[in-house]
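In: Predicted model, plus sequence, below.
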Amino acid sequence: MDPASELRRADALHVERKYHEAIDAYRLALTGDDSLFDAWYGLGCANLAVQAYGSAADALRRAVGLRAHADGARCNLAEALFQLGDVDGAVEAYQRAADGGGADVRAVALGGIACIAAGATRQDNFQVMAARRRWIDTQGRGVRPLTPAPAQPGGKLRVGYLSAFFGARNWMKGYMGVINAHDRDRFEVHLLADGATPSAETGYVDHDEDRIWELGGVANAELARHIVDAKLDVLVDLNGYSYQRRLPLFLYRPARVQICWVGMYGTTGMRDIDWVVGDAAAIPPDEEQFYTEHVARVPGTYLAFWPFYPVPDVVPPPSLAARGITFGCLSSAYKLTDATIDAHAAILRGAPTSRLLVRNRTLDEASNRAALLARFADRSIAADRLTLEGGADHIDFLRSYDRIDVALDTFPYNGGTTTIEALWQGVPMLTCNGDRWAARTSRSLLLAAGLDEWVAPDIAGFQQAGTALANAAGTPERLAALRTGMREQLRLSKACDVTGLCRSLEALMLADTASAT
């Protein structure tokens, strides 16, 4: 077998998107010559394509070890590390690529850091702001701001909501209740959709006066001109860094007032955003210095939700019928940082009869499961204390909470939708007061729901509370009583007050457009 010939065959398979065959061919080439940079790089990229992040990270580490200035490979390594929960390692890899790479690589790397910095333990609020401003500066070159349409005297306020996720009902339960609650006598609602458009399936209640825009990948400059032509007064971003390519739209200043409501977990880094919407639990006043926008704090929680679609019934906690408490974490794998694993492992060590169920789509793949098991093993948690499961249909995924007594939050990037879903299924989310907005989203929801006792003051308190819960004899009965009334408690609380949140947003829009006239 000629390693060079096998490498060429692997590359050809890779180009044809026959990723698994390409992986086998790259490995065969490397058995003949393990110094082939291109084989390691190709192997890493092919594994990335099939979401085998553990294998991808191993291969890409070998690649960058063979070639110090392989900055493209470092960007791919950063992606693999991020998906495994090593967010600090990902930031470091991106930064090395940005420092050494050409303009294209630098743009990718700076964009990657801006996206993930808020979830990196070693990036503080100042560094998150700096990373995002640095990326925004690269996007602003050559952008010429437009002149927004003037106010229409006596007319309705025209509000546009921009989202790539109108087709995802599990996400829309956090936004659509507010959009539906708008006073159509005073507000003309436009829904700007990248991807699937709003529908009854995703909670949208149709109004004849509403306008739905199908963007179809239109460029930001062109979309900005359409927004000016449509005379939108307010443009509200619902994407944040979850759909990063749309954020530069706001640099064109197409609307008189521009607001980011959800998806941020930190500043946008843009001075063209007038307001970022949060609340007192998520953004304390002393952190406003780390925001380029004004901070608007709404009463209760800025994450008020509306559970509009059928979900499984709440069932009794599993600890009533089994020995020991089962903790659970159904957050995305990229939130399973070292800080999170440290905290969860500490609880398991302090409560020997407890178990932990971890479920997310990343765990469908064997190398990703192996990587997570190894991280827990490093913290003296044996594999038989853990249940690792992959993705599922959304309703089946929610049924996972039937097997969980207490959900454990992630740090420094808390659950949002995950926290909402746990609570609605009757499962309390144990969290703490973190050091940034991303680390306080669960706190915002729990305080609004009247579940203050599930918010520890810090990580140490989180670990102590989890251990105490698992070791207390009366915990199963306490959880059973909580589950019985959880949904009704939520319905009556600020956590589900979508109308109240809508009125707060309307007041902000009306006041700021009046001052901008």
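Out: On my side now, so go ahead. Numbering: from 1, shown residues only.

In: Run a quick neighbour tally on the closest residue to residue 206 other than its chain neighbours.
Out: Spatial nearest neighbour of residue 206, chain neighbours left out: residue 200 (7.4 Å); criterion: Cβ to Cβ, 6 or more residues apart in numbering. From N, CA and C alone the C-beta is placed, and that goes for glycine too. A count of nearby residues for residue 200, using other Cβ atoms under 10 Å, gives 11.

In: Isn't residue 200 up against residue 172?
Out: No - taking Cβ atoms under 8 Å as the definition, residue 200 is not a contact partner of residue 172, at 11.2 Å.

In: Name the helix or strand for residue 396, please.
Out: If you go by DSSP states H and E, residue 396 is part of helix 394-398.

In: For that helix, give the mean pLDDT please.
Out: Helix 394-398 shows an average pLDDT of 96 in the prediction.

In: cool, and stretch 191-206?
Out: If you average the pLDDT over stretch 191-206, you get 96.

In: which other helices and strands contact the longest helix seen in the chain?
Out: In the chain, assigned by DSSP state H, the helix with the most residues is helix 498-516. The contact analysis (3 or more Cβ pairs under 8 Å, 6 or more residues apart in numbering; DSSP states H and E) places helix 498-516 against strand 157-163, helix 176-180, strand 234-237, strand 257-260, strand 275-278.

In: Need those in TSV (columns: mean neighbour count and distance to residue 499).
Out: Putting those into TSV (neighbours: other Cβ atoms under 10 Å; distance: least, Cβ to Cβ, whole Å) gives the following:
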stretch	mean neighbour count	distance to residue 499
strand 157-163	24	16
helix 176-180	24	8
strand 234-237	26	17
strand 257-260	25	19
strand 275-278	24	16
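
In: what's the closest of these to residue 309?
Out: Among these, the nearest to residue 309 by Cβ to Cβ is helix 176-180 (10.4 Å).

In: Tell me the helix or strand right after the closest one.
Out: Elements were assigned by DSSP H and E; along the chain past helix 176-180, the next helix or strand is strand 187-193.

In: buried ones in that next one?
Out: Neighbour-count burial for strand 187-193 flags 187, 188, 189, 190, 191, 192, 193 (criterion: 16 or more other Cβ atoms under 10 Å).

In: can you confirm residue 153 is in a strand?
Out: No - when DSSP: H, G, I helix; E, B strand; the rest coil is applied, residue 153 is found to be coil, with no strand at that position.

In: Now do the same contact list for residue 10.
Out: Residue 10 sits next to 22, 25, 26, 28, 29, 39, 42, 43, 46 when contact means Cβ atoms under 8 Å, 6 or more residues apart in numbering.

In: so what's it closest to, chain neighbours aside?
Out: Residue 10 sits nearest to residue 25 (Cβ to Cβ, 6+ apart), 3.5 Å away.

In: That neighbour: which element?
Out: Residue 25 is part of helix 19-32, with elements assigned from DSSP H and E.

In: Can you tell me what sits against that helix?
Out: For helix 19-32, contacts defined as Cβ under 8 Å, 6+ apart pick out 1-4, 6-7, 9-11, 13-14, 36, 39-40, 42-43, 46-47, 49-50, 55.

In: Recalculate using a threshold of 10 Å.
Out: The contact list for helix 19-32 (Cβ atoms under 10 Å, 6 or more residues apart in numbering) reads 1-16, 18, 36, 38-50, 52, 55, 59, 62.

In: out of the residues you listed, which are buried?
Out: With burial judged by 16+ other Cβ under 10 Å, the buried subset of these is 3, 6-7, 9-11, 13-14, 36, 38-48, 52, 55, 59, 62.

In: Let's see which of those residues end up in strands.
Out: Of those, none are assigned to strands by DSSP state E.

In: The residues you listed in helices, which ones?
Out: If you go by DSSP H, these have 3, 6-7, 9-11, 13-14, 38-48, 55, 59, 62 in helices.

In: Tell me, please, where in this protein the pLDDT is lower than the cut-off.
Out: 1, 514-517 (pLDDT under 70).

In: how does it divide up, domain by domain?
Out: As given by automatic domain parsing, the domain ranges for the chain are 3-139, 157-304+498-516, 318-496.

In: So which of those domains is nearest residue 146?
Out: For the domains of the chain, the distance to residue 146 is smallest for domain 157-304+498-516, at 5.2 Å, taking Cβ to Cβ.

In: that older thread, pull the distance from the helix holding residue 25 to the chain's centre.
Out: The chain centroid and the centroid of helix 19-32 are separated by 34 Å, computed with Cα atoms, centre = their mean, to the nearest Å.

In: what does stretch 47-67 give?
Out: With Cα atoms, centre = their mean, you get 23 Å for stretch 47-67.

In: export it as CSV, just CAs?
Out: The C-alpha trace of stretch 47-67 is given here as CSV (Å, rounded to 0.1, in the frame of the first residue of the first chain):
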residue,chain,number,x,y,z
ASN,A,47,-14.8,13.3,11.3
LEU,A,48,-16.1,16.8,11.9
ALA,A,49,-18.5,16.3,9.0
VAL,A,50,-20.0,13.2,10.7
GLN,A,51,-20.0,15.0,14.1
ALA,A,52,-17.4,12.6,15.5
TYR,A,53,-15.9,15.4,17.5
GLY,A,54,-13.8,13.2,19.8
SER,A,55,-12.1,11.6,16.8
ALA,A,56,-11.8,14.9,15.0
ALA,A,57,-10.1,16.6,17.9
ASP,A,58,-7.6,13.7,18.2
ALA,A,59,-6.7,13.9,14.5
LEU,A,60,-6.5,17.7,14.3
ARG,A,61,-4.2,17.8,17.3
ARG,A,62,-1.9,15.6,15.4
ALA,A,63,-2.1,17.8,12.4
VAL,A,64,-1.3,21.0,14.2
GLY,A,65,1.5,19.2,16.0
LEU,A,66,3.1,18.4,12.6
ARG,A,67,2.7,21.9,11.2
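
In: Tell me which helix or strand the residue nearest to residue 475 when sequence neighbours are not counted sits in.
Out: Nearest non-adjacent residue to residue 475, counting by Cβ to Cβ, 6+ apart: residue 469, 5.3 Å away. Assigned by DSSP H and E, residue 469 belongs to helix 459-471.

In: Next, count neighbours for the residue nearest to residue 300 when sequence neighbours are not counted.
Out: Spatially, and ignoring its direct neighbours in sequence, residue 300 is nearest to residue 494 (2.9 Å; Cβ to Cβ, 6+ apart). A count of nearby residues for residue 494, using other Cβ under 10 Å, gives 20.

In: related to what we said a few turns ago, mind putting the contacts of residue 10 into a markdown table with distance to residue 248?
Out: Converted to a markdown table, those look like this (distance: Cβ to Cβ, whole Å):
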| residue | distance to residue 248 |
| --- | --- |
| 22 | 34 |
| 25 | 39 |
| 26 | 36 |
| 28 | 44 |
| 29 | 41 |
| 39 | 37 |
| 42 | 32 |
| 43 | 34 |
| 46 | 31 |
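
In: Would you tell me which one of those residues comes nearest to residue 403?
Out: Distance to residue 403, by Cβ to Cβ, is smallest for residue 46 among the contacts of residue 10, at 34.9 Å.

In: what about the nearest residue to residue 251 once chain neighbours are set aside, which SS state?
Out: Spatial nearest neighbour of residue 251, chain neighbours left out: residue 143 (4.7 Å); criterion: Cβ to Cβ, 6+ apart. Using three-state DSSP, the structure places residue 143 in coil.

In: Overlap of the contact sets of residue 200 and residue 172?
Out: By Cβ under 10 Å, 6+ apart, the residues touching both residue 200 and residue 172 are 308, 309.

In: Relative to residue 498, how far out is the residue nearest to residue 206?
Out: Computed as Cβ to Cβ, to the nearest Å, the residue 200 to residue 498 distance reads 17 Å.
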